[in-house]
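>>> fold the following and give me the result.
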Amino acid sequence: MKYLLLITLFIFASATGSYSSTIRINIGSEPGTLDWNLATDSSSFQIINNIMGGLTKFNNKLELEPNLAESWTVDKENKTITIKIKDGINWSDGQKLSSQDFLDSWERLLNPRTAADYAYFLYDIKNAKEYNLGTIDDFALVGVKAPNDNTILINLVENKSYFMSLLSFMSTFPIRKGKINEYKEKWIHPTNIVTLGKYRLTKWESHNYILLTPKDKDLHSILLLMNSNPSSSLAMFENGKVDILDGGGIPLLEIPYLKSKKILNYESQFRNNYVGFNVKKFPFNNRKIREAFSLSVNKSAFEKVLYNTVIQTESWIPPGLIGSIHKNKPRFDKEQANKILDENGFKDRSLFPKVKFLFPESGNNRIIAEMLQNMWMENLGIKVQIEGLEWKIYLTTLDIDRPHMFRAGWAADYPDPHNFMNIFTCNGGNNETGWCSPSYDKNISLASYQTSRNKREETYFKAQKELIYDKNIIIPLFISNQIYLKNKKIKNVHFSKMGIIDFSEIELHPTN
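Here you go, the predicted model:
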């Protein structure tokens, strides 16, 4: 541990030598990728959201507003949207932003060869799903056109009230196709990448740090440190080497002390945590076995062990969004869980097969995994093997060698319940369960274009009943609050409901 800390401090010193006013933030793990068509994790989104931008964005009141777009008009009768792009926007190399840059991005996102998890984000566009699934191979048939450099025409399958919200998310950001063709996978390297945001990617030392420098000389440089060890991260904060430390860098046992010192900060989030089952793998191809494991989890224990920084839940949609069932009665029922196993061929628990539970090895995730392991052992008499992997390897493993169960979380990409429910549709690129239900998909589609709030809410209730209660595809665990520390030089820092910091909005106390 001391060796790791010393290396980190040396890297910090060398990285910030000429940036005395740099704001230092610990992001824990290495970002999965800074390729915004391919990125799926919050660490990547945190960075991409500051070096890039979309046609729209959400302000601090969660109101959708134009960003790269000047305006847009919706023709509900013809199911079309016309978007005008702002004049005078240039890439970091001076080239003018063009409507074609968006079409190039969306073609790449949907192209089957890209294998982008977020391709389904654009399925509301006519023929986008068909192009992504290979039913058609001509992108010209997809309902997007660029009649000139400043205009985008979109033809939708159905009118969707949330569609412009999707264009605030990183997967839909424009690209420079020529740069990608020239540099291939190295196009995201600091010497090659071109961006549109308030910050530029200046340095990237893998597993060590990322340095962002601002376009505006009045803003501060941002040093993002990759230290996934909470103890050494907190030590760096206490020694003045880190300015902002989020929950992943705070050791669990230190939370009561930090609370008592009144330096632990909270921000409520649209962020949920769950256990996912691989429904393709025995014995969890049986919904009753999944039900037994679900009923054996006492979620109130997480609140206690995590010092009330989380809130137990039975809902997949977080409270504050339409369709949340957060107030439902806790499902924990040890007696019923054991009865189910007895009636489904496992009265002799020694006959239960070996099963593995995968989780990302960072922050307090091992503690949570061990708690689940203990619950399944104590409440069901079943020993579950747990395995923690480094973040990037964990993400890859879910795609190519999915275990029996896995721990995952989801932070809202945009503040709408569709963003949570759409994950588990048949063609959802982030659906790691292997589950596919036409009835679930039908309800999610129906809810997406209903205009009545009550009807939309009822439809999400029905979909969650199937997902959680009837088919037991996931076990919602708890809603996470964003906890963080900021040192005395930071006057204000704001995490959005999606967990994102706009680095340009960080306020410092004036220096004497």
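>>> let me know the helix or strand that the spatially closest residue to Lys186 that is not a sequence neighbour is in.
If the residues on either side of it in the chain are set aside, Lys186 comes closest to Asn192, at 5.9 Å by CB to CB, 6 or more residues apart in numbering. In short, each C-beta sits where N, CA and C put it, glycine included. Asn192 belongs to no helix or strand when assigned by DSSP states H and E.
>>> helices along the stretch 251-400 of the chain, start to end?
Chain-ordered helices for the stretch 251-400 of the chain, with DSSP state H, counting those that start in this stretch as the definition, fall at 255-260, 287-295, 300-305, 334-343, 365-380, 391-400.
>>> reformat those as CSV; add mean neighbour count and mean pLDDT.
Below are the helices of the stretch 251-400 of the chain laid out as CSV (neighbours: other CB atoms under 10 Å; pLDDT from 0 to 100):
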stretch, mean neighbour count, mean pLDDT
helix 255-260, 13, 95
helix 287-295, 22, 98
helix 300-305, 15, 96
helix 334-343, 16, 98
helix 365-380, 17, 97
helix 391-400, 16, 90
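>>> tabulate these (CSV), appending distance to Lys86.
Formatted as CSV, the helices of the stretch 251-400 of the chain follow (distance: least, CB to CB, whole Å):
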stretch, distance to Lys86
helix 255-260, 43
helix 287-295, 49
helix 300-305, 45
helix 334-343, 56
helix 365-380, 41
helix 391-400, 34
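>>> Gln100: which of these is closest?
Ranking the helices of the stretch 251-400 of the chain by distance to Gln100, with CB to CB as the measure, places helix 391-400 first at 30.7 Å.
>>> next SSE after the closest one?
Assigned by DSSP H and E, the successor of helix 391-400 is strand 405-411.
>>> packing partners of the helix or strand just after that next one?
Read in the C-terminal direction, the helix or strand following strand 405-411 is helix 418-421, with elements assigned using DSSP H and E. Secondary structure elements in contact with helix 418-421, counted by 3 or more CB pairs under 8 Å, 6 or more residues apart in numbering; DSSP states H and E, are helix 438-449, helix 453-464.
>>> dump those helices into TSV; add distance to Asp93, mean pLDDT and mean neighbour count as well.
Written out in TSV, the entries for these read as follows (distance: least, CB to CB, whole Å; pLDDT from 0 to 100; neighbours: other CB atoms under 10 Å):
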stretch	distance to Asp93	mean pLDDT	mean neighbour count
helix 438-449	38	93	18
helix 453-464	44	96	18
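>>> using JSON lines, please lay out those together with distance to Asn487.
Formatted as JSON lines, these follow (distance: least, CB to CB, whole Å):
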{"stretch": "helix 438-449", "distance to Asn487": "43"}
{"stretch": "helix 453-464", "distance to Asn487": "41"}
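>>> still on that earlier bit, got a list of what the residue nearest to Lys186 touches?
Asn192 sits next to 179, 182-183, 186 when contact means CB atoms under 8 Å, 6 or more residues apart in numbering.
>>> drop anything exposed from those residues.
Taking 16 or more other CB atoms under 10 Å as the criterion, what is buried in these is Lys179.
>>> and which of the contacts of Asn192 is nearest Val355?
Lys186 (39.8 Å).
>>> is it true that the closest one lies in a helix?
Yes: applying DSSP: H, G, I helix; E, B strand; the rest coil, one finds Lys186 inside a helix.
>>> how much space between it and Ile180?
Here Lys186 is placed at a distance of 10 Å from Ile180 (CB to CB, to the nearest Å).
>>> same question for Lys84.
Computed as CB to CB, the Lys84 to Ile180 distance reads 26 Å.
>>> thought Pro318 was touching Phe270?
Yes: in terms of CB atoms under 8 Å, Pro318 counts as a neighbour of Phe270; the distance is 4.8 Å.
>>> what touches both of those two?
With contacts taken as CB under 8 Å, 6+ apart, Pro318 and Phe270 have Ala412 as neighbours in common.
>>> phi, psi for Tyr209 please.
Reported as degrees, to the nearest 10, the phi and psi values for Tyr209 are phi -160, psi 160.
>>> I'd say Gln464 and Pro318 touch.
No: the pair Gln464 / Pro318 is not scored as a contact, 11.9 Å apart, by CB under 8 Å.
>>> which residues touch stretch 494-512?
Residues contacting stretch 494-512 (CB under 8 Å, 6+ apart): 23, 25, 42, 45-46, 49-50, 58, 60, 62, 198-199, 212, 214, 216, 219-220, 222, 244, 246, 267-271, 320, 411-415, 482, 484, 488-493.
>>> can you give me the buried ones in that stretch?
Within stretch 494-512, the residues that qualify as buried by neighbour count (16+ other CB under 10 Å) are 495-504, 506.
>>> now stretch 98-110
When neighbours are counted by 16+ other CB under 10 Å, the buried residues of stretch 98-110 are found to be 98-99, 101-110.
>>> for Ser294, see how far away Asp138 is.
The gap separating Asp138 from Ser294 is 45 Å, by CB to CB.
>>> actually, Asn278.
Counting by CB to CB, the gap from Asn278 to Ser294 is 14 Å.
>>> find the nearest non-adjacent residue to Asp124, please.
When the adjacent residues along the chain are set aside, Asp124 lies closest to Lys160, with 4.9 Å between them (CB to CB, 6+ apart).
>>> give me the pLDDT for that neighbour.
Lys160 carries a pLDDT score of 90 in this model.
>>> for it, which three-state class applies?
Classification of Lys160 by three-state DSSP places it in coil.
>>> what is the neighbour count of it?
19 (other CB atoms under 10 Å).
>>> shouldn't it be in contact with Ile125?
No: under the criterion of CB under 8 Å, Lys160 is not in contact with Ile125, lying 9.9 Å apart.
>>> determine how far the last residue of stretch 394-412 lies from the first.
Using CA to CA, to the nearest Å, one end of stretch 394-412 lies 20 Å from the other.
>>> which parts of the stretch 1-150 of the chain are helices?
For the stretch 1-150 of the chain, applying DSSP H, counting those that start in this stretch gives helices covering 2-15, 42-51, 99-110, 128-133.
>>> which of the ones you listed has the lowest average pLDDT?
Across the helices of the stretch 1-150 of the chain, the stretch with the lowest average pLDDT is helix 2-15; it has a mean of 36.
>>> and stretch 265-272, what's buried?
Using 16+ other CB under 10 Å as the burial criterion, the residues of stretch 265-272 that qualify are 265, 269-272.
>>> in strands only, show me the residues you listed.
When the buried residues of stretch 265-272 are checked against strands using DSSP state E, the ones located there are 265, 271-272.
>>> what is the nearest of the residues you listed to Glu130?
Closest to Glu130, out of all of these and judged by CB to CB, is Asn272, at 31.3 Å.
>>> didn't the closest one look like it was pressed against Gly409?
Yes: between Asn272 and Gly409 there is a contact under CB under 8 Å: 6.6 Å.
>>> overlap of the contact sets of these two?
Between them, Asn272 and Gly409 share these contacting residues under CB under 8 Å, 6+ apart: Ser480.
>>> what is the burial count for Leu211?
By the other CB under 10 Å criterion, the neighbourhood of Leu211 contains 20 residues.
>>> make residue 1 into 50 and carry on from there
Got it, first residue is 50 now, which makes that one Leu260.
>>> tell me the SS of the closest residue to it other than its chain neighbours?
Counting by CB to CB, 6+ apart, the nearest residue to Leu260 once its immediate chain neighbours are dropped is Lys252, at 4.1 Å. Lys252 falls in the strand class when you classify it by three-state DSSP.
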